[in-house]
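> Can you look at this prediction? I've put the sequence above it.
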Amino acid sequence: MIVFIIRRLVGAVLLLFVVSAVTFSIFFVVPRLAGATAEDLASRYVGKTADEQQVRQMADKLGFHDPLVVQYGRFAKGIVAGADYDYGPAAEHCPAPCFGYSFLTQAPVWPDLLDRLPVTASLAAGASAIWLLAGVATGVISALRRGSIFDRAAMGVALAGVSLPIFFTGLLALGIFSYTLGVTAPGSSYTALAEDPAQWAYDLILPWITIAFLYAAGYARLTSSGMLETMSEDFIRTARAKGLPERTVVLKHGLRATLTPIVTIFGLDVGLLLGGAILTESTFSLNGIGRYAILAIGANDLPKVMGVTMVAAFFIVLANLVVDILYAVVDPRVRLT
Amino acid sequence: MNRGEPAVKTRPAVTATATGAALAILLAACGGGTSTSGNGGGTATAGVAAFNAGVGSVFNPSDAKGGTLRLAHSGDFDSLDPADTYYAYSWNFIRLYGRSLVMFAPAPGAKGSTLVPDLAATLGVPSDNAKTWTYHLRPGVKFEDGTLITAKDVKYAVERSLDKTVFPDGPTYFNDFLDLQGYTSPYKDADPNKLGLKAIETPDDATIVFHLLKPFSGFDYFAQLPATIPVPAAKDTGANYKQHVVSSGPYKFDTNSIGKSFTLVRNDSWDVGTDPNRKALPDRIEVTLNVNADDIDNRLLSGDVDVAIEGTGLQPAAQGRVLGDPSLKKNADSAAIARLWYTSINPDVAPLDNIHCRKAVEYANDKVSYQNAYGGPAGGDIATNMMPPMIPGAQKFDVYPGGADNHGDVPKAKDELKQCGQPNGFSTTMSYRAERPREKAVAEGMQQALARVGIKLTLKGFPQSDYFKLYAGKPAYAKANNLGLMTNGWGADWPDGFGFLQQIVDSRVIRATGGNTNLSVKVPDVDKLLDQALLTTDLVAREQIWSQIDRTVMDNAVVLPGVWAKTLVYRPSNLTNVFVNDGFGMYDYLALGVKK
Amino acid sequence: MTGTEDMAGTARDRPEDFLTVRDLRVHFPTDDGLVRAVDGVSFRLQRGRTLGIVGESGSGKSVASLAVMGLHSGGPARISGEIWLDGEELVGASAERVRRLRGAKMAMIFQDPLSAMHPFYTVGAQIIEAYRIHNDVRRSVARAHAIDLLARVGIPEPASRVDDYPHQFSGGMRQRAMIAMALSCDPELLIADEPTTALDVTVQAQILDLIRELQAEFHSAVIIITHDLGVVAELADDVLVMYAGKPVEYGSATDLFDLPQHPYTWGLLGSMPRLDRDRSERLLPIPGTPPSLITVPPGCAFHPRCGHTDAVGTACREKVPELTEVAPEHRIACHLGAAQRERIWRTEIAPKL
């Protein structure tokens, strides 16, 4: 098990470097291959009326004249060992892991990411808890009362959930609950968990539910079909034959077996979400990783994009690892080697 | 300057108005129910809400202090650093915490586009044939820490704004016009006080003298740039200064979380006795950044937010809602801005090198279709020439009338084609920015309109981030790829002929390496007129030259004007003292107050 | 054993009968029609005795046993008739009451122990769970009991294997564990549904031995459900042969093997491989396939596959035969006359077996 985890972590680090190299290539190598010069790249980061000399100076400052390998090496070295940046009056040291300074805001990326991570993590934590509970509970009930009004209603709502985009449901929810009824917080509300847990939950409840609405649908369907299959298994009949109360049969024996594929998907979903819930964060104006990413991409702010990509990749790799381990925990037939 | 809308996708709204701006008191002609006294300004409407009540007059006038003014921004703030900011809203807002030498008058109507002294006691005094400009500072103006502001603080502020590697996004007027003599940056200055720039002299603490490379009659417009807001050298942290800007205005920073939000509170060191322009009504000002644009609109309508700080108007969704509901519409203002959406006609591409073929395009153009592409009358008025009417001295004229219904004059166009030697029409390519559905609609409308006279257009979309750098704005590329027509757009840095025209009609700003905004105007007469205007210190005479330039460009048929843009802005009932400032083309943030 | 007529009235129950099933019917409404999975089955069983229920798949033998266990309740099944367990009627009893009996007073062993045991819980945990649900004891006590049970069913090193998962057991060991689980609460009625079908032949014998030993030890009543007459011959005291949800022959194992009366039973015997006969003789499979339980053939459900209907005439196709006593404690449901059966058995069937 330990060997397995170590090997996977090493693989994760290698993967992150591959990811960084690919991201780097997309922003630097590909434009170069397409014929863009160092000045062409730098011209994005100078003012609107900059002259050629200013563009050249900016290209120098950003190191666009160096060979690509050197540029990538500098980036990679920054992550491992930190880097120094010219800030005007004085040079500033950016400690490892240094994802560089934003081309546009001159702010180091890593503190930005650390600053935004709690928002995204809060969003992911609350939303995933809600959708897991709601989705699984709905799925279980639907499966046990198959064809009932509850089942049909739940599956109808679930269909709506997966079909409606978050920017629609989110804005609708804000319009109704925050601006008309005034029962939930308006957009861009966020309070740190450590500061005031109640306020934290109050501020985030609407985005949580909005995300959960989207995801819960899938989990409900997955759980429902899984439960239908599981409940016809022989071991369920055995459990009943032992005289277990139906509750125990369903929750301990039925759900346990159904959860295995759900755990897998749940892990990956949470991992993806930790890399930034772009639509939700944009809709609710939350300054998380996703919103940071979308602004950075729009602005062609390479260091930020790289930083976000690495963080997102890290979470996905981590989620995969956790899922694999969880899988072994959930299903004893699985061996980690 | 900007070429209309952002290279930055995430702040489309911002850039739409970006720098330019002057509120059009448009509709002076159509009435619109509001009186726009051309130069009086300062009329006030009582608290009866009505559509356009905030245009040309003060709505809900008030002197009541107190309360919190809440603003929201759909992206990151341009920059809080006076050296690195280049958006109209930011220049509007910065006056709350910074005082430049000169400023646009915080007044409704056309008065808002006039300059008044701020940190300086009077407007600039030209000498040496407008190559030298002198300002005297008001006595007793202090930084937030109580130290007196001197001319040296202003000089240092301008010096640091010259360093475009640290402050790449600010305007470059001082770089271009000051007699720098090789000076690059105070950060590389050998002078121990970092005041080595010879182009600016500070003979005493209250006097600052600017020496220009060449005469420039409109230097007061430079003196209103945020770059002249004083910066104490000891507190300058370069690119980090935006996190801790030292206030010289009525408000100072209380909190500042870059990329998220900041708040301003009253600056106790500000003395109203030194400042005739600022009312400073709210006790506190909160700005939330990165708020979803549609969410901002919802909150404006529900009263949870007072101002959409970018001033670019409501999003299409809310726009429809507001215009369709009289109870909401009475709280809205339709503001014309100093922005022109147009098409450049490229004289490098045959047969458009023949003026008659260009004129054929002008006549065949369907002006109504062009306007519809920008959302009909709500999106702006049909433009018949270049300068938006609200720019002082602008004249409206129509060299190529579009027939009785404004859908184009087909017989005239055919006649021009004959004179061009292309009686059956010709083929060329029209470019547009692929991410912009409106420009695509323009191109499609143009394709249909020109087909009526046999001119066949091939439409070609380009990524907007490289539209000017690599494609339409690179002369060699445009010529080689037969880009005869190129959609374009432009907003002025300030409502003035120079601010609007210079970057889009001066042939000498065209660079072979690309990145041009002037895609088609290479008329020697225009260049001559520009030079003449820079020398003309008499305002009226100068304004006549701007209009003459406009007419010359139109006569050469190298620009096909489309729409003078308008925006729909909303004022929640919570706001007091609301009016659109022509200098910025949005509500004047200096004047706003709130009901507590 | 007494005849059906006796079983019509409860007053005449024999006190020594531990389990009495009377006119049990289990019907499932489906979209295609009513499935009469069990249609009028009666039997009785005493402690220490073993009843074999035999039939092809779909004959209703498993459904009947599940009905005894109350495992159809809550589902769509319609159950009627009476099930008396130790003086307590179960069909009309509350589901909760039946649940409390399940696993405690009556237990069941299933066919395929790999699928019948939960793959995610250890064998021990599953036995402990079964024990603790009916006995209020601490976990450690239950665990000791589980180890003890595993030992009793012949699992080596039970103290360590108790923590193994089902997939870590061999097929035979799994079935032993399954039996241990069933026995955890000393059930007085044990139902074994095809307990050896999924196992190797050698292991089959061991498991049957085990069941027999345990039955002797616990003195419980055992129902063994199988399609394999060999298993029945090995274990059963009485045999109930079912076809299409109905009983067709019911008698003591001795009678049934020595002098089977029903053509279907003959078919089953004919298709049973026997080690005591010459291999050159062929098996005689019953022609055709079991009928659909939705559209059961009219008359005797077996008549389309029966080779002796000619001797009777139209009755086989028109009239459902009653289960009647043809010898003491031996009943069959067939229109053939006694003489005809006797003749066919002697001349056609017996010589070939």
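Now that the structure is in, tell me what you want to look at.
> how far does stretch A:244-254 stretch from start to finish?
12 Å (C-alpha to C-alpha, to the nearest Å).
> got the buried residues for it?
Buried residues in stretch A:244-254, counted by 16 or more other C-beta atoms under 10 Å in any protein chain shown: A:L244, A:E246, A:T248, A:V249, A:V250, A:K252, A:H253, A:G254. To be clear about C-beta, it is placed using only N, CA and C from the backbone, and glycine gets the same treatment.
> which residues touch B:A434?
Each residue near B:A434 by C-beta atoms under 8 Å, 6 or more residues apart in numbering or on different chains is listed here: B:K440, B:G461, B:F462, B:P463, B:Q464.
> Among the residues you listed, which lie within helices?
B:K440 (DSSP state H).
> and stretch A:238-251 with chain C, contact?
Yes. With C-beta under 8 Å from any C-beta of the partner chain as the measure, stretch A:238-251 is seen reaching chain C through A:T238, A:A239, A:R240, A:A241, A:K242, A:G243, A:L244, A:P245, A:E246, A:T248.
> would C:V241 count as being in a strand?
Yes. Membership of C:V241 in a strand is supported by DSSP: H, G, I helix; E, B strand; the rest coil.
> mind checking the backbone torsions on the residue lying closest to B:P316 once chain neighbours are set aside?
Counting by C-beta to C-beta, 6 or more residues apart in numbering or on different chains, B:P316 lies nearest to B:G375, which is 7.8 Å off, once chain neighbours are set aside. Torsion angles at B:G375 (phi, psi; degrees, to the nearest 10) stand at phi 90, psi 20.
> what do you get for B:R99?
phi -120, psi 110.
> Strands along chain C, start to end?
C:17-30, C:33-46, C:50-54, C:78-85, C:88-89, C:106-109, C:189-193, C:221-226, C:238-243, C:246-252, C:324-327, C:330-332 (DSSP state E).
> Just name the most buried of these.
strand C:106-109 (a mean of 28; mean count of other C-beta atoms under 10 Å in any protein chain shown).
> Do you know the pLDDT at B:G98?
Looking at B:G98, its pLDDT is 96.
> try A:W208
93.
> Helix or strand for it, just tell me which one.
helix A:197-231 (DSSP states H and E).
> For that helix, which helices and strands make contact with it?
helix A:109-144, helix A:149-163, helix A:166-173, helix A:255-274, helix A:278-283 (3 or more C-beta pairs under 8 Å, 6 or more residues apart in numbering or on different chains; DSSP states H and E).
> among these, which is the most enclosed?
Counting by mean count of other C-beta under 10 Å, the most buried of the helices and strands packed on helix A:197-231 turns out to be helix A:278-283, with a mean of 24.
> That one: how far from the chain's middle?
Relative to its chain's centre, helix A:278-283 lies at 11 Å (C-alpha atoms, centre = their mean, to the nearest Å).
> and it, anywhere near chain B?
Yes. Using C-beta under 8 Å from any C-beta, we find that helix A:278-283 touches chain B at A:S282, A:T283.
> And B:T552, how close does it get to chain C?
85 Å (C-beta to the nearest C-beta, to the nearest Å).
> Touching the host helix or strand of that residue from outside, list them.
Applying DSSP H and E as the criterion places B:T552 in helix B:539-555. Here helix B:539-555 makes contact (C-beta under 8 Å, 6+ apart) with B:217-218, B:385-387, B:391-395, B:397, B:399-400, B:497-498, B:500-501, B:505, B:521, B:523, B:525-526, B:529-530, B:532-533, B:536, B:559, B:561.
> list the buried ones in it?
In helix B:539-555, counting by 16+ other C-beta under 10 Å, buried: B:542-554.
> Off-centre distance for that helix?
That offset, for helix B:539-555, works out to 19 Å (C-alpha atoms, centre = their mean).
> what are the C-alpha coordinates of that helix, in PDB please?
The C-alpha coordinates for helix B:539-555 follow below in PDB (Å, rounded to 0.1, in the frame of the first residue of the first chain):
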ATOM      1  CA  LEU B 539      -9.700  76.400 -28.900                       C
ATOM      2  CA  VAL B 540     -12.300  77.400 -31.500                       C
ATOM      3  CA  ALA B 541      -9.800  77.600 -34.300                       C
ATOM      4  CA  ARG B 542      -8.400  74.200 -33.200                       C
ATOM      5  CA  GLU B 543     -11.900  72.600 -33.100                       C
ATOM      6  CA  GLN B 544     -12.500  73.800 -36.700                       C
ATOM      7  CA  ILE B 545      -9.400  72.000 -37.800                       C
ATOM      8  CA  TRP B 546     -10.600  68.700 -36.200                       C
ATOM      9  CA  SER B 547     -13.800  68.900 -38.100                       C
ATOM     10  CA  GLN B 548     -11.900  69.700 -41.300                       C
ATOM     11  CA  ILE B 549      -9.800  66.600 -40.800                       C
ATOM     12  CA  ASP B 550     -13.000  64.600 -40.400                       C
ATOM     13  CA  ARG B 551     -14.400  66.000 -43.700                       C
ATOM     14  CA  THR B 552     -11.100  65.300 -45.500                       C
ATOM     15  CA  VAL B 553     -11.100  61.700 -44.400                       C
ATOM     16  CA  MET B 554     -14.700  61.300 -45.500                       C
ATOM     17  CA  ASP B 555     -14.000  62.900 -48.900                       C
END
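> Which other helices and strands does the following helix or strand past it contact?
Going down the chain from helix B:539-555, the next helix or strand is strand B:559-570, by DSSP H and E. In terms of contacts (3+ C-beta pairs under 8 Å, 6+ apart), strand B:559-570 is packed against helix B:12-17, helix B:293-302, helix B:316-324, strand B:332-345, helix B:367-373, strand B:380-382, strand B:586-587.
> quick one: average pLDDT of strand B:559-570?
On average, strand B:559-570 scores 94.
> next one: stretch B:157-170
90.
> Just the pLDDT at the nearest residue to C:D32 once chain neighbours are set aside, thanks.
Distances taken as C-beta to C-beta, 6+ apart place C:I294 nearest to C:D32, at 5.7 Å, with adjacent residues excluded. Note on C:I294: pLDDT of 84.
> ok so, going back, just put the buried residues of stretch A:244-254 in JSON lines and tack on secondary structure and pLDDT.
Below are the buried residues of stretch A:244-254 laid out as JSON lines (DSSP: H, G, I helix; E, B strand; the rest coil; pLDDT from 0 to 100):
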{"residue": "A:L244", "secondary structure": "coil", "pLDDT": "90"}
{"residue": "A:E246", "secondary structure": "helix", "pLDDT": "87"}
{"residue": "A:T248", "secondary structure": "helix", "pLDDT": "89"}
{"residue": "A:V249", "secondary structure": "helix", "pLDDT": "91"}
{"residue": "A:V250", "secondary structure": "helix", "pLDDT": "89"}
{"residue": "A:K252", "secondary structure": "helix", "pLDDT": "89"}
{"residue": "A:H253", "secondary structure": "helix", "pLDDT": "91"}
{"residue": "A:G254", "secondary structure": "helix", "pLDDT": "91"}
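> and residue 202, how many neighbours does it have?
Unless you meant another one, I'm taking chain A. By the measure other C-beta atoms under 10 Å in any protein chain shown, the count of residues near A:Y202 is 15.
> wrong one, chain C
With other C-beta under 10 Å as criterion, C:T202 counts 8.
> repeat for B:V453
So B:V453, with other C-beta under 10 Å, has 25 neighbours.
> I am finished for the moment; much appreciated.
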